[in-house]
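**Q** Sequence and predicted structure below; questions after.
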Amino acid sequence: MADPRNKKRIVFIINPISGLGKQKNVEKMIQDVLDKSLYDDEIRYTERAGHATKITKNAVAEGVDIVVAVGGDGTVNEIGQALVNTPVALGILPAGSGNGLARHLKISSNFKKAIQVINRGKVKKIDTATINDRVFLSIAGVGYDAYVARQFSKAPKRGFFSYFTIVSGEYLKYKSKKYVLTIDGKEITRRALLITFANSSQFGNNVSIDPHATLDDGLIDVCIVRRVPFLMVPFYVPMLFTKTFHKTHYIEIIKAREVTIHRKKGKSVHFDGDPAKMGKTLEMKIHPLSLNIIVP
């Protein structure tokens, strides 16, 4: 029997509108599966965008040991950014549309299995990164994927099919852009459909353009993607799911610690799938081993 004085304090933060709504049954699952001999638990709900960050900061100030994100990559990002450079660990119960970071870490979307991972309590440190001081944990980017993220944020329905409809419907309209990049001091110019900063291997939904990205190498993979001709798209889309797109000549991957991007106009940037408007100049920096996270 565990000593109650050694029990850890754990807060579950639930986004009630995240992803496909599977988090509606999570409270009962937590009560049934969480090891109460190890944890004193509390459940808190978000009420608006950005609320998870505020709840997490309060939890850190209260001396909580673990904060668990119950939601998608956006919720994980909001919570994770408040845990960077703190001793508090991030847990994940995946309940989003894509669950990119959870998939990379091989955390099951089955709540029972994901809670059992928390019961085992294995913690590792991972890198995080910033663009103009805004944190991302898994994937960030500019160009077409940021544009799609903005359109998806306005969509009445969540889920993969809604996302895929936007991706396929907008592709012909979107034009590649010119970017000037300074990568660890070396300047290059590229015309690209999108530029992705990959800390993990996953966009979500098992889509990957860089299967070799790792969370603890002190580097970001800068993935510069050229436009695939429209008639060739059906041949290349399956490669995103079989993790072979990185072998094509439509992508260039450069590992980096610091990157500055100059673009013609200030437009959208996405942070773990959530869009934000930013200016013409973007500065990306890696922050090695700056976040504690619970892993299988």
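**A** Nice, I can see it. No experiment lies behind these values; they were computed from the predicted model shown.

**Q** Which parts of the stretch 51-200 of the chain are helices?
**A** 51-61, 73-81, 100-105, 111-120, 144-154, 160-170 (DSSP state H, counting those that start in this stretch).

**Q** could you pull out the strands for the stretch 151-296 of the chain?
**A** Using DSSP state E, counting those that start in this stretch, the strands of the stretch 151-296 of the chain run over residues 177-183, 186-192, 194-198, 220-225, 251-256, 258-263, 268-271, 274-277, 281-294.

**Q** Distance check, residue 187 against residue 205.
**A** 34 Å (CB to CB, to the nearest Å). To be clear about C-beta, it is placed using only N, CA and C from the backbone, and glycine gets the same treatment.

**Q** follow-up on the earlier one: among the helices of the stretch 51-200 of the chain, which comes closest to residue 211?
**A** Nearest to residue 211, of all the helices of the stretch 51-200 of the chain, is helix 100-105, at 9.8 Å by CB to CB.

**Q** Run through the neighbouring helices and strands of that closest one.
**A** With contacts taken as 3 or more CB pairs under 8 Å, 6 or more residues apart in numbering; DSSP states H and E, helix 100-105 sits against helix 73-81, strand 89-94.

**Q** what helices or strands is the last one leaning on?
**A** For strand 89-94, the helices and strands in contact under the criterion 3+ CB pairs under 8 Å, 6+ apart are strand 66-71, helix 73-81, helix 100-105, helix 111-120, strand 281-294.

**Q** Also the first one?
**A** For helix 73-81, the elements it packs on are helix 51-61, strand 66-71, strand 89-94, helix 100-105, strand 134-136, strand 274-277, judged by 3+ CB pairs under 8 Å, 6+ apart.

**Q** how about the CA coordinates for the third one, as PDB?
**A** Taking Å, rounded to 0.1, in the frame of the first residue of the first chain, the C-alpha atoms of strand 89-94 are listed here in PDB:
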ATOM      1  CA  ALA A  89       5.100  16.700 -16.100                       C
ATOM      2  CA  LEU A  90       2.700  16.700 -19.000                       C
ATOM      3  CA  GLY A  91       0.300  13.800 -19.500                       C
ATOM      4  CA  ILE A  92      -1.900  13.200 -22.600                       C
ATOM      5  CA  LEU A  93      -5.300  11.500 -23.000                       C
ATOM      6  CA  PRO A  94      -5.700  11.900 -26.800                       C
END
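
**Q** Just give me how far it sits from the chain centre.
**A** Centroid displacement of strand 89-94 relative to its chain, using CA atoms, centre = their mean, to the nearest Å, is 12 Å.

**Q** Could you give the average pLDDT over it?
**A** Mean per-residue pLDDT for strand 89-94: 96.

**Q** Run through who's touching that strand.
**A** The contact list for strand 89-94, computed with CB atoms under 8 Å, 6 or more residues apart in numbering, reads 10, 12, 23, 26, 65-70, 72, 76, 79-80, 83, 101-103, 105, 107-109, 111, 114-115, 117-118, 123, 291-294.

**Q** circling back: highest mean neighbour count out of the helices of the stretch 51-200 of the chain?
**A** helix 73-81 (a mean of 28; mean count of other CB atoms under 10 Å).

**Q** Stretch 246-264 - what's its average pLDDT?
**A** The model assigns stretch 246-264 a mean pLDDT of 95.
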